[in-house]
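In: I would like to see how this sequence folds:
(one chain, ligands or ions: 2)
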Amino acid sequence: RKRVIRISTGSKGLDAVLGGGFQTMSISEVFGEFRCGKTQLSHTMSVIAQLPKDMGGAEGKVAYIDTEGTFRPERIAQIAERFGVDPETAQDNITYARAVNSEHQMELLNKVAEFFVGNEYRLLIIDSIMALFRVDYTGRGELNERQQKLNQFLSKLTHVAEEFNVAVLMTNQVQSDPGANALFAGADGRKPVGGHILAHASATRILLRKGRGEERVAKIQDSPDMPEKEATYIITNGGIND
Ligand code: ATP
Ligand code: MG
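Out: Numbering: from 1, shown residues only. Ligands and ions are numbered 1, 2, ... in the order given. Model (predicted):
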């Protein structure tokens, strides 16, 4: 029988508002402006997912689909040291794939799903979900097709998360100019891209933003079991922390 496992983010404050961390068998989305820590969180969780359960981990391997070319093995090594893990082992437990277009992103997801058979993967990172779709489908007339392809990708993601007891963490961008949609955006005017199809697929949605000084703020916007709360965190050499 599969049991939901919660994987720590590296920040006790953020874990607390999440009810212990990001859940397996579920899709979580973090979105926010540039440099707010989406990729750093992805790196941090790629190490933590490997840790014993009493350290917030899930004792599993990690698959990492990178659509922006921002994965850095050296960061994995630094974060591993924080948790007393051998850096090379931590790197080896991460199956890395760089997607070059949206079709390739789908192919990689299918490949990754094959790796999951008979292996203890517990975390799948997609950093970021929309970047390549936005490049491949630019015109207004292409929006329907984009959303259709996106829907296929997200259906597969949902299936993979449930079948293999994996936590899916996907990062997302915000609309640079909410414009006419400003009324529907949060009080701060920041709205994730991807429309209702993406909103529907994400069980948990978290807005990240810059706070005072080096501080960052995470706000739960959508959760199956937790109230809308905020937590602050920082980015360190050892990854996301309080
Ligand atoms: P984008 O939308 O551009 O992809 P992002 O949300 O993914 O942005 P990250 O790349 O996760 O942003 O975060 C970048 C921030 O992390 C920068 O402010 C950078 O200074 C900080 N950072 C990166 N490495 C370290 C480190 N070793 N120690 C402390 N801070 C770091
Ligand atoms: Mg990034």
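
In: all the strands of the protein, residue numbers only.
Out: Along the chain, the segments classed as strands by DSSP state E run 6-7, 22-23, 26-32, 61-66, 94-98, 121-127, 167-172, 204-210, 216-222, 230-236, 239-241.

In: was I right to think Ile94 contacts Ile48?
Out: No: Ile94 is beyond contact range of Ile48, at 11.8 Å (criterion: Cβ atoms under 8 Å). C-betas here are computed from N, CA, C, even on glycine.

In: quick one, which of those two is more surrounded?
Out: For Ile94 versus Ile48, neighbours defined as other Cβ atoms under 10 Å are more numerous around Ile48 (27 against 20).

In: in contact with that one, which residues?
Out: Under the criterion of Cβ atoms under 8 Å, 6 or more residues apart in numbering, the contact partners of Ile48 comprise 7-10, 55-57, 83.

In: tell me the buried residues in the lengthiest helix in the chain?
Out: Secondary structure of the chain read by DSSP state H shows that its longest helix is helix 143-163. Within helix 143-163, the residues that qualify as buried by neighbour count (16 or more other Cβ atoms under 10 Å) are 146-147, 149-150, 153-154, 157-158, 160-161.

In: how about these, which pair is most distant?
Out: Put simply, by Cβ to Cβ the two of these set farthest apart are Arg146 and Ala161, 22.2 Å from each other.

In: can you pull the contacts of Leu41?
Out: Neighbour list for Leu41: 9-10, 30, 169, 171, 208, 239-240 [criterion: Cβ under 8 Å, 6+ apart].

In: and the residues you listed as a markdown table, adding neighbour count, pLDDT and distance to Thr89?
Out: Output for the contacts of Leu41, formatted as a markdown table (neighbours: other Cβ atoms under 10 Å; pLDDT from 0 to 100; distance: Cβ to Cβ, whole Å):
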| residue | neighbour count | pLDDT | distance to Thr89 |
| --- | --- | --- | --- |
| Thr9 | 29 | 98 | 21 |
| Gly10 | 28 | 98 | 18 |
| Val30 | 26 | 98 | 26 |
| Leu169 | 28 | 98 | 21 |
| Thr171 | 27 | 98 | 25 |
| Leu208 | 23 | 97 | 29 |
| Gly239 | 28 | 98 | 16 |
| Ile240 | 24 | 98 | 20 |
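
In: need these in TSV (columns: distance to ligand 2).
Out: Conversion of the contacts of Leu41 to TSV gives the following (distance: Cβ to the ion, whole Å):
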residue	distance to ligand 2
Thr9	16
Gly10	16
Val30	10
Leu169	12
Thr171	6
Leu208	11
Gly239	14
Ile240	13
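
In: relative to Ala231, which of the residues you listed is nearest.
Out: Using Cβ to Cβ, the contacts of Leu41 come closest to Ala231 at Thr9, 9.1 Å.

In: contacts only, for that closest one.
Out: Under the criterion of Cβ under 8 Å, 6+ apart, the neighbours of Thr9 are 15, 18, 21-22, 41, 44-45, 48, 233, 240.
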